[in-house]
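K.L.:
One predicted model, sequence on top.
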Amino acid sequence: MNRRAFLGLLTGATASLAGCTEGAVRPPIAGFPAPENPDPIVQHGVPGSVCGDPPNPFIGIKAILEPAVGPNWNGLAVAEKYRFGYEVGPGLSADGYVVGVERNGEARAYALSILWWHEVINDTLGGDPVLVTYCPICQSGMVAERRVDGEEALFQVSGHLWQPPAVYGYASVEEGRTFGASASSGEAEVRNSGNLVLYDEATGSYWSQILAKAICGPESGERMEILPSTVTTWGAWRREHPDTDALLPPPWSKTA
(Lines give C-alpha, C1' and ligand atoms only; values in the text may rest on other atoms or scores of the structure.)
Protein backbone atom coordinates (compact mmCIF):
# COMPACT_ATOMS: atom_id res chain seq x y z
CA MET A 1 0.00 0.00 0.00
CA ASN A 2 1.39 3.43 -0.84
CA ARG A 3 1.32 6.36 1.56
CA ARG A 4 -1.62 8.19 0.00
CA ALA A 5 -3.88 5.13 0.02
CA PHE A 6 -2.99 4.33 3.62
CA LEU A 7 -3.55 7.87 4.83
CA GLY A 8 -6.83 8.04 2.98
CA LEU A 9 -8.03 5.03 4.93
CA LEU A 10 -6.55 6.35 8.13
CA THR A 11 -8.07 9.82 8.05
CA GLY A 12 -10.64 9.92 5.27
CA ALA A 13 -8.95 13.04 3.96
CA THR A 14 -5.27 13.07 3.13
CA ALA A 15 -5.27 16.85 2.97
CA SER A 16 -5.33 17.02 6.75
CA LEU A 17 -1.89 15.46 7.12
CA ALA A 18 0.85 17.99 6.49
CA GLY A 19 3.68 15.63 5.62
CA CYS A 20 1.77 13.78 2.91
CA THR A 21 -0.29 16.30 1.00
CA GLU A 22 1.74 18.34 -1.44
CA GLY A 23 1.52 17.55 -5.12
CA ALA A 24 0.85 14.26 -6.83
CA VAL A 25 2.55 10.90 -6.75
CA ARG A 26 5.67 10.75 -8.86
CA PRO A 27 5.84 7.94 -11.41
CA PRO A 28 7.90 4.93 -10.31
CA ILE A 29 11.63 5.42 -10.68
CA ALA A 30 12.63 4.12 -14.10
CA GLY A 31 14.77 1.00 -14.04
CA PHE A 32 14.63 0.57 -10.28
CA PRO A 33 14.10 -3.14 -9.61
CA ALA A 34 11.61 -4.07 -6.95
CA PRO A 35 13.56 -5.28 -3.90
CA GLU A 36 13.57 -9.02 -3.40
CA ASN A 37 14.79 -11.32 -0.63
CA PRO A 38 12.20 -10.16 1.94
CA ASP A 39 12.91 -10.66 5.60
CA PRO A 40 10.54 -13.31 7.03
CA ILE A 41 8.93 -10.61 9.20
CA VAL A 42 7.53 -8.84 6.13
CA GLN A 43 4.72 -11.31 5.49
CA HIS A 44 3.48 -10.82 9.06
CA GLY A 45 3.24 -7.03 8.64
CA VAL A 46 0.90 -4.84 6.61
CA PRO A 47 1.08 -4.92 3.67
CA GLY A 48 2.95 -8.16 3.19
CA SER A 49 3.54 -7.22 -0.43
CA VAL A 50 5.68 -4.11 0.24
CA CYS A 51 8.78 -5.71 -1.25
CA GLY A 52 7.08 -6.09 -4.61
CA ASP A 53 6.73 -2.37 -5.33
CA PRO A 54 9.51 -0.05 -6.55
CA PRO A 55 9.91 3.36 -4.90
CA ASN A 56 7.04 5.72 -5.61
CA PRO A 57 7.87 8.84 -3.58
CA PHE A 58 5.50 11.73 -3.04
CA ILE A 59 6.53 15.12 -4.36
CA GLY A 60 5.76 16.57 -0.92
CA ILE A 61 8.05 14.18 0.97
CA LYS A 62 11.60 14.86 -0.14
CA ALA A 63 14.57 13.63 1.84
CA ILE A 64 17.19 16.23 2.70
CA LEU A 65 20.39 15.26 0.90
CA GLU A 66 22.53 18.38 1.34
CA PRO A 67 21.90 19.89 4.78
CA ALA A 68 22.76 23.49 5.58
CA VAL A 69 23.29 24.63 9.17
CA GLY A 70 23.57 27.85 11.08
CA PRO A 71 23.68 29.08 14.67
CA ASN A 72 19.89 29.65 14.52
CA TRP A 73 17.19 30.77 12.07
CA ASN A 74 17.57 34.46 12.81
CA GLY A 75 17.34 36.72 9.80
CA LEU A 76 15.98 33.98 7.53
CA ALA A 77 12.64 34.20 5.73
CA VAL A 78 11.63 30.67 6.74
CA ALA A 79 8.52 29.29 5.04
CA GLU A 80 5.42 29.33 7.22
CA LYS A 81 4.98 25.57 6.87
CA TYR A 82 8.06 25.08 9.05
CA ARG A 83 6.43 27.16 11.78
CA PHE A 84 3.73 25.23 13.57
CA GLY A 85 3.23 24.21 17.16
CA TYR A 86 5.73 26.40 18.96
CA GLU A 87 7.52 27.47 15.76
CA VAL A 88 6.22 31.04 15.66
CA GLY A 89 7.81 34.44 15.35
CA PRO A 90 11.26 35.20 13.98
CA GLY A 91 14.06 32.67 14.22
CA LEU A 92 13.92 29.23 15.79
CA SER A 93 11.68 29.46 18.85
CA ALA A 94 13.25 28.53 22.19
CA ASP A 95 10.08 26.50 22.87
CA GLY A 96 10.24 24.63 19.56
CA TYR A 97 11.02 20.93 19.81
CA VAL A 98 14.14 19.44 18.28
CA VAL A 99 16.01 16.17 18.03
CA GLY A 100 19.47 16.88 19.39
CA VAL A 101 22.48 14.81 18.35
CA GLU A 102 26.12 15.04 19.45
CA ARG A 103 29.03 13.30 17.73
CA ASN A 104 32.71 13.66 18.53
CA GLY A 105 32.20 16.94 20.36
CA GLU A 106 29.97 18.48 17.66
CA ALA A 107 26.31 19.14 18.47
CA ARG A 108 23.38 19.80 16.14
CA ALA A 109 19.63 20.35 16.55
CA TYR A 110 17.09 19.09 14.01
CA ALA A 111 13.77 20.88 14.36
CA LEU A 112 10.85 18.47 14.41
CA SER A 113 8.95 20.94 12.23
CA ILE A 114 11.49 20.17 9.47
CA LEU A 115 11.44 16.44 10.11
CA TRP A 116 7.64 16.46 9.90
CA TRP A 117 7.86 17.54 6.26
CA HIS A 118 10.99 15.76 5.05
CA GLU A 119 11.21 12.67 7.30
CA VAL A 120 14.76 11.73 6.22
CA ILE A 121 17.88 13.84 6.73
CA ASN A 122 21.25 12.69 5.39
CA ASP A 123 23.92 14.56 7.36
CA THR A 124 27.52 14.46 8.53
CA LEU A 125 28.27 15.36 12.15
CA GLY A 126 31.60 15.21 13.91
CA GLY A 127 33.05 13.60 10.81
CA ASP A 128 30.54 10.73 10.90
CA PRO A 129 27.71 10.10 8.42
CA VAL A 130 24.44 10.49 10.34
CA LEU A 131 20.87 9.61 9.41
CA VAL A 132 18.03 11.40 11.21
CA THR A 133 14.51 10.15 10.50
CA TYR A 134 10.96 10.79 11.66
CA CYS A 135 7.57 9.31 10.78
CA PRO A 136 4.71 11.72 11.64
CA ILE A 137 2.07 8.98 11.48
CA CYS A 138 3.85 6.81 14.05
CA GLN A 139 5.43 9.70 15.98
CA SER A 140 8.61 7.65 15.73
CA GLY A 141 12.12 9.03 15.52
CA MET A 142 15.28 7.11 14.72
CA VAL A 143 18.90 8.31 14.49
CA ALA A 144 21.58 6.02 13.13
CA GLU A 145 24.87 5.79 11.31
CA ARG A 146 24.32 6.54 7.63
CA ARG A 147 26.10 3.46 6.36
CA VAL A 148 25.36 0.34 4.34
CA ASP A 149 27.88 -2.52 4.50
CA GLY A 150 30.18 -0.18 6.38
CA GLU A 151 30.15 2.41 3.60
CA GLU A 152 28.55 5.86 3.66
CA ALA A 153 25.19 5.83 1.86
CA LEU A 154 22.30 8.14 1.00
CA PHE A 155 18.77 7.28 2.09
CA GLN A 156 15.52 8.33 0.41
CA VAL A 157 11.80 8.14 1.14
CA SER A 158 10.32 5.17 -0.74
CA GLY A 159 6.75 6.50 -0.74
CA HIS A 160 5.48 3.29 0.87
CA LEU A 161 4.26 2.48 4.37
CA TRP A 162 4.67 -0.80 6.19
CA GLN A 163 3.31 -1.68 9.64
CA PRO A 164 5.35 -4.30 11.51
CA PRO A 165 3.72 -6.75 13.90
CA ALA A 166 3.01 -4.82 17.10
CA VAL A 167 5.34 -6.92 19.25
CA TYR A 168 8.30 -5.95 17.06
CA GLY A 169 7.43 -2.28 17.16
CA TYR A 170 7.14 -2.31 20.93
CA ALA A 171 10.42 -4.23 21.25
CA SER A 172 12.17 -1.61 19.13
CA VAL A 173 11.04 1.11 21.52
CA GLU A 174 12.07 -0.90 24.57
CA GLU A 175 15.50 -1.56 23.07
CA GLY A 176 15.98 2.15 22.36
CA ARG A 177 16.12 1.71 18.60
CA THR A 178 13.31 4.17 18.06
CA PHE A 179 11.78 6.91 20.21
CA GLY A 180 8.53 8.83 20.37
CA ALA A 181 8.36 12.53 19.47
CA SER A 182 5.83 15.19 18.55
CA ALA A 183 6.50 18.50 16.82
CA SER A 184 3.98 20.20 19.13
CA SER A 185 4.54 18.48 22.47
CA GLY A 186 8.02 16.95 22.50
CA GLU A 187 8.25 13.44 23.88
CA ALA A 188 5.36 11.20 22.82
CA GLU A 189 4.35 7.57 22.58
CA VAL A 190 5.28 5.69 19.43
CA ARG A 191 2.24 4.52 17.45
CA ASN A 192 2.54 1.15 15.76
CA SER A 193 0.91 2.07 12.46
CA GLY A 194 1.78 2.46 8.79
CA ASN A 195 5.44 3.40 9.06
CA LEU A 196 8.01 5.16 6.91
CA VAL A 197 9.93 2.85 4.56
CA LEU A 198 13.30 4.17 3.45
CA TYR A 199 15.58 2.87 0.75
CA ASP A 200 19.32 3.25 0.36
CA GLU A 201 20.72 4.34 -2.98
CA ALA A 202 23.67 1.97 -2.68
CA THR A 203 21.73 -1.32 -2.80
CA GLY A 204 18.07 -0.34 -3.28
CA SER A 205 17.15 -2.18 -0.08
CA TYR A 206 14.04 -1.15 1.84
CA TRP A 207 14.44 -0.27 5.53
CA SER A 208 11.75 -0.11 8.20
CA GLN A 209 12.21 3.15 10.10
CA ILE A 210 10.52 1.97 13.28
CA LEU A 211 12.65 -1.20 13.39
CA ALA A 212 15.85 0.40 12.02
CA LYS A 213 16.19 -2.76 9.96
CA ALA A 214 16.32 -3.72 6.29
CA ILE A 215 13.21 -5.67 5.31
CA CYS A 216 13.69 -6.14 1.54
CA GLY A 217 16.58 -6.35 -0.88
CA PRO A 218 20.26 -7.32 -0.56
CA GLU A 219 20.55 -5.92 2.98
CA SER A 220 17.43 -7.75 4.24
CA GLY A 221 17.79 -8.58 7.93
CA GLU A 222 20.60 -6.09 8.58
CA ARG A 223 20.17 -3.59 11.41
CA MET A 224 21.25 0.02 11.55
CA GLU A 225 23.74 1.21 14.15
CA ILE A 226 21.69 3.46 16.44
CA LEU A 227 23.17 6.75 17.68
CA PRO A 228 22.21 8.55 20.90
CA SER A 229 19.78 11.44 20.53
CA THR A 230 17.59 13.68 22.67
CA VAL A 231 14.09 15.11 22.21
CA THR A 232 13.98 18.50 23.88
CA THR A 233 13.34 22.19 23.20
CA TRP A 234 15.73 24.32 21.22
CA GLY A 235 16.23 26.52 24.26
CA ALA A 236 17.13 23.62 26.55
CA TRP A 237 19.41 22.01 23.95
CA ARG A 238 21.23 25.30 23.38
CA ARG A 239 21.76 25.82 27.12
CA GLU A 240 23.31 22.36 27.44
CA HIS A 241 25.28 22.68 24.19
CA PRO A 242 26.21 26.36 23.81
CA ASP A 243 28.30 25.66 20.68
CA THR A 244 25.49 23.83 18.90
CA ASP A 245 24.24 24.71 15.46
CA ALA A 246 20.84 23.96 13.92
CA LEU A 247 19.64 22.47 10.66
CA LEU A 248 18.21 25.09 8.31
CA PRO A 249 15.05 24.24 6.38
CA PRO A 250 14.86 24.33 2.59
CA PRO A 251 15.70 26.18 0.44
CA TRP A 252 18.96 26.42 2.37
CA SER A 253 19.08 22.66 2.82
CA LYS A 254 18.75 20.86 -0.51
CA THR A 255 16.26 18.06 -1.04
CA ALA A 256 15.94 15.09 -3.37
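P.N.:
Arrived safely.

K.L.:
end to end, how far does stretch 36-53 reach?
P.N.:
One end of stretch 36-53 sits 10 Å from the other (CA to CA, to the nearest Å).

K.L.:
now do stretch 141-156
P.N.:
With CA to CA as the measure, stretch 141-156 spans 16 Å from end to end.

K.L.:
And stretch 203-215, by the same measure?
P.N.:
With CA to CA applied, stretch 203-215 spans 13 Å between its terminal residues.

K.L.:
when you give positions from now on, start the count at 601
P.N.:
Renumbered: residue one is now 601, and that last one reads stretch 803-815.

K.L.:
Report the rounded mean pLDDT for it.
P.N.:
The average pLDDT within stretch 803-815 is 96.

K.L.:
What of stretch 741-752?
P.N.:
97.

K.L.:
Could you report the separation of the residue nearest to Arg777 when sequence neighbours are not counted from Gly645?
P.N.:
Take Arg777 and drop its neighbours on the chain: the residue closest to it by CB to CB, 6 or more residues apart in numbering is Ala812, 4.7 Å away. Using the backbone N, CA and C atoms, a C-beta is placed for each residue, glycine as well. Distance of Ala812 to Gly645, given as CB to CB, to the nearest Å: 15 Å.

K.L.:
Please list all residues in contact with the residue nearest to Arg777.
P.N.:
742, 744, 772, 777-778, 823-824, 826 (CB atoms under 8 Å, 6 or more residues apart in numbering).

K.L.:
Give me the buried subset of these.
P.N.:
By neighbour count, with 16 or more other CB atoms under 10 Å, those hold 742, 744, 772, 777-778, 824, 826 as buried.

K.L.:
Now distance to Leu731 and secondary structure too, for those residues, in JSON lines please.
P.N.:
As requested, those are exported to JSON lines (distance: CB to CB, whole Å; DSSP: H, G, I helix; E, B strand; the rest coil):
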{"residue": "Met742", "distance to Leu731": "8", "secondary structure": "strand"}
{"residue": "Ala744", "distance to Leu731": "5", "secondary structure": "strand"}
{"residue": "Ser772", "distance to Leu731": "16", "secondary structure": "helix"}
{"residue": "Arg777", "distance to Leu731": "13", "secondary structure": "coil"}
{"residue": "Thr778", "distance to Leu731": "13", "secondary structure": "coil"}
{"residue": "Met824", "distance to Leu731": "7", "secondary structure": "coil"}
{"residue": "Ile826", "distance to Leu731": "10", "secondary structure": "strand"}
